[in-house]
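S.K.: give the three-dimensional model of this entry:
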Amino acid sequence: MRSLSAETFRQHLLEKYSLPPRGRARVERPANSTLTRPLRELWEATDLSAAEFADEVSDYFGVVRLSLPQLLAVAPCLDGFSRRFLRESTIFPFRVSNGGYRIAVADPSDTAAIRAAEIVFGEPVEVAVASFEDITTVLDQRVDADGAGADESARASSQQSDDDIESLRDLASGAPVVRALNDLLERAVELRASDIHIEPFRTGLVVRMRVDGLLRAIPSPSGIPPQALISRVKILAGLNIAERRLPQDGAARVRVSRAELDVRVATMPTQASESAVIRLLPRDRGLLEMSKLGLAARDKGIMSRLLALPHGMIVVTGPTGSGKTTTLATMLSILNEPTRKILTIEDPVEYEIPGVNQSQVRPAIGLTFASAMRSFVRQDPDVIMVGEVRDAETAHIAIHAALTGHLVLTTLHTETAAAAVPRLIDLGIESFLLKSTLRAVVAQRLVRVLCDRCKMPHELSTSDIDNDPRFAAIGFSTGEVVHEASGCERCGGTGYRGRNGVFEILEMTDKVRKLIGPETDSHEIDQAAMAGGMTTMLVDAVEKCRAGMTTVPEVFRVTTIR
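M.R.: Residues are numbered from 1 along each chain as shown. Below is the predicted model of the structure:
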């Protein structure tokens, strides 16, 4: 077996693979870097799948490679290990047929975890390699929540009156409740969830997590009083646990599985008690590259051309949760050069981009989108990003900033790209100003991506076309191959893993500008743009469906025929 060094393996990757500049910069971090999980960082910096990366680790270090079915077939030996240690170290200990012990690791250079396992077992252990995803999956299926026996104190305390705030605070600060919330946060990170919904009802506590845009129910913490869990969430976010009649908002920074997360908490009084939603904002959201957005080749060229403009306004539009913030952050990352000063006002700041001056709205002290924009123009910026145009004042300031030589990026909530034009006019923007400043509108949605491990090809037959008119409506015909969702351990049985964008980019061509006026019709603008070659979101989604990336039901879930 080769020397267990993450540094030598890093050099191996650099020699074998051609990485994008940003990915290469991350892989080339110095050996004295403070990274706590160097191989996970290396994997995230490459375009390799978890399985491909594990194959590389196995081949390079000369360690046996185990697949997920093999891990699921062995007898786990988990006594003596805490649930948190197993997940943070990404190891799975088990017994082999000869009576000895073996651990599956994703990072064989993590000698501290291997040594810890040897201390627990009291003898040397064999090491095998499995992917990060496979070990997480098998731990999720085989590891029970530790400390369940400590629930008795929580059950006893739950009999106390909810009106006794100090007792409730003590209960919420107790080990069982703290552990229950930490377990929920760890579970959310494993599932790549964006939100945790904690919802007490008269019939019991319901916990759901939003994964790939859809909510998924998970088992609720057993033996934990709902009010205690909600109070723990409020304590974490610095909220008033005595106030249960009004909504509250807060934020916190927490450490989960060695990773730091920014969380935003919103509570709402309900008939049963209070509900809470925790938004997870990982501090390292991955590389912001245009190639990861899902833009088609033509749209990618248009986007590059737009970002090269010296001034004007670019609007990104779509409903909540359609990926607008990620698109804006990627655009800012591309524009982020030492020669440009970039200012942003956001609610909240979801991506921290080094070199970009980012601010967060605080209405309680008068820092709104409009007040920030008024100050921005005195800061000598080149690029301004305003998280959302919500009112006429913000719209006017943004337009005049674009008119006076700044590149302005912002978002709106409209159904299509063309609908953004009459929306801005409704906000009081004069049509002549809009013609001279608006450069483009990018509309987008997010479709779920099929799980590569279990997706199933299906050749369309005549009966398929006849029984489901949606296929014909979007141009599919008999004999074409589409893919369907199946479900496996890796994707949690959903058949989907991750999301990708579908886009339409409306450029302000001469033909489109002529249609802008007090009585602007978004349908006419839409037709003119499509006649000029604009790819609609529906067409983009269908192409991704034909490429085997997503399914027909997903196409119709997020787009409409027009």
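
S.K.: could you pull out the strands for the stretch 151-300 of the chain?
M.R.: Secondary structure of the stretch 151-300 of the chain (DSSP state E, counting those that start in this stretch): strands at 193-201, 204-211, 214-218, 248-256, 259-269, 274-282.

S.K.: in a helix, residue 345, correct?
M.R.: No: using DSSP: H, G, I helix; E, B strand; the rest coil, the assignment for residue 345 is strand, not a helix.

S.K.: that one contacts residue 373, doesn't it?
M.R.: Yes: using CB atoms under 8 Å, residue 345 is in contact with residue 373, at 6.7 Å. (Each C-beta comes from the backbone N, C-alpha and C, glycine too.)

S.K.: quick check: neighbours shared by those two?
M.R.: Common contact partners of residue 345 and residue 373 (CB atoms under 8 Å, 6 or more residues apart in numbering): residue 386.

S.K.: how about residue 230, what does it touch?
M.R.: Contacts of residue 230 by CB under 8 Å, 6+ apart are 198, 200, 267, 273-276.

S.K.: check residue 63 too.
M.R.: By CB under 8 Å, 6+ apart, the neighbours of residue 63 are 1, 57, 108, 127-129.

S.K.: and residue 361, by the same measure?
M.R.: Counted by CB under 8 Å, 6+ apart, residue 361 has contacts 345-347, 367-369, 372, 387.

S.K.: just those residues: which has the poorest pLDDT?
M.R.: Lowest-confidence member of the contacts of residue 361: residue 347, scoring 85 (pLDDT).

S.K.: neighbours of it, how many?
M.R.: 17 (other CB atoms under 10 Å).

S.K.: center of this structure - which residue?
M.R.: Most central in the chain under CA atoms, centre = their mean is residue 194, positioned 5.8 Å from the mean C-alpha point.

S.K.: mind listing the strands for the stretch 1-150 of the chain?
M.R.: In the stretch 1-150 of the chain, the strands defined using DSSP E, counting those that start in this stretch lie at 64-65, 75-76, 91-95, 101-105, 126-129.

S.K.: for the third one, packing partners?
M.R.: Other helices and strands packing on strand 91-95, by 3 or more CB pairs under 8 Å, 6 or more residues apart in numbering; DSSP states H and E, are strand 75-76, strand 101-105, helix 111-121, helix 132-142.

S.K.: now these in JSON lines, with mean pLDDT?
M.R.: Shown next, in JSON lines, are the helices and strands packed on strand 91-95 (pLDDT from 0 to 100):
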{"stretch": "strand 75-76", "mean pLDDT": "88"}
{"stretch": "strand 101-105", "mean pLDDT": "91"}
{"stretch": "helix 111-121", "mean pLDDT": "85"}
{"stretch": "helix 132-142", "mean pLDDT": "83"}
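
S.K.: could those go into CSV alongside distance to residue 472 and mean neighbour count?
M.R.: Shown next, in CSV, are the helices and strands packed on strand 91-95 (distance: least, CB to CB, whole Å; neighbours: other CB atoms under 10 Å):
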stretch, distance to residue 472, mean neighbour count
strand 75-76, 51, 14
strand 101-105, 48, 24
helix 111-121, 55, 16
helix 132-142, 38, 20
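
S.K.: figure out which of those is closest to residue 482.
M.R.: When those are compared by CB to CB, helix 132-142 sits nearest residue 482, at 25.7 Å.

S.K.: nearest residue to residue 474 other than its sequence neighbours?
M.R.: Excluding the flanking residues, the one nearest residue 474 by CB to CB, 6 or more residues apart in numbering is residue 542, at 5.1 Å.

S.K.: the strand or helix carrying the one you found packs against which elements?
M.R.: Secondary structure assignment for residue 542, by DSSP states H and E: helix 537-546. Applying 3+ CB pairs under 8 Å, 6+ apart, one finds that helix 537-546 contacts strand 438-450, strand 481-484, strand 496-507, helix 552-558.

S.K.: buried residues in the third one?
M.R.: Right, strand 496-507. 496-497, 499-507 (16 or more other CB atoms under 10 Å).

S.K.: mind listing what the closest residue to residue 265 other than its chain neighbours touches?
M.R.: Among residues not flanking residue 265 along the chain, residue 237 sits closest, at 3.7 Å (CB to CB, 6+ apart). Residue 237 sits next to 250-252, 263-265 when contact means CB under 8 Å, 6+ apart.

S.K.: which among these gets closest to residue 490?
M.R.: Among the contacts of residue 237, and counting by CB to CB, the member closest to residue 490 is residue 263, at 26.2 Å.

S.K.: wait, doesn't the residue nearest to the centre of the chain sit right on residue 280?
M.R.: Yes: under the criterion of CB under 8 Å, residue 194 makes contact with residue 280 at 6.1 Å.

S.K.: pull the contacting residues for the nearest residue to residue 334 once chain neighbours are set aside.
M.R.: Counting by CB to CB, 6+ apart, residue 307 is the residue found nearest to residue 334 once chain neighbours are left out, at 5.7 Å. Applying CB under 8 Å, 6+ apart to residue 307 gives the contacts 331, 334-335.

S.K.: again with residue 312
M.R.: By CB under 8 Å, 6+ apart, the contact set of residue 312 is 402, 407-408, 437-439.

S.K.: that one pairs with what?
M.R.: Using DSSP bridges, the beta-bridge partners of residue 312 come out as residue 407.

S.K.: so can I have CSV of the helices and strands packed on strand 91-95 showing distance to residue 231?
M.R.: Shown next, in CSV, are the helices and strands packed on strand 91-95 (distance: least, CB to CB, whole Å):
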stretch, distance to residue 231
strand 75-76, 35
strand 101-105, 38
helix 111-121, 34
helix 132-142, 27
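
S.K.: got the CA coordinates for the top helix by length along the chain in CSV?
M.R.: Identified as the longest helix of the chain according to DSSP state H is helix 175-191. The C-alpha trace of helix 175-191 is given here as CSV (Å, rounded to 0.1, in the frame of the first residue of the first chain):
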residue,chain,number,x,y,z
ALA,A,175,-28.7,16.9,26.4
PRO,A,176,-31.5,15.0,24.8
VAL,A,177,-33.0,18.0,23.1
VAL,A,178,-29.7,19.5,22.0
ARG,A,179,-28.7,16.1,20.6
ALA,A,180,-32.1,15.8,18.8
LEU,A,181,-31.6,19.1,17.0
ASN,A,182,-27.9,18.3,16.2
ASP,A,183,-29.1,15.0,14.7
LEU,A,184,-31.6,16.8,12.5
LEU,A,185,-28.9,19.2,11.2
GLU,A,186,-26.6,16.3,10.5
ARG,A,187,-29.4,14.5,8.7
ALA,A,188,-30.1,17.6,6.6
VAL,A,189,-26.5,17.9,5.6
GLU,A,190,-26.4,14.2,4.5
LEU,A,191,-29.6,14.6,2.4
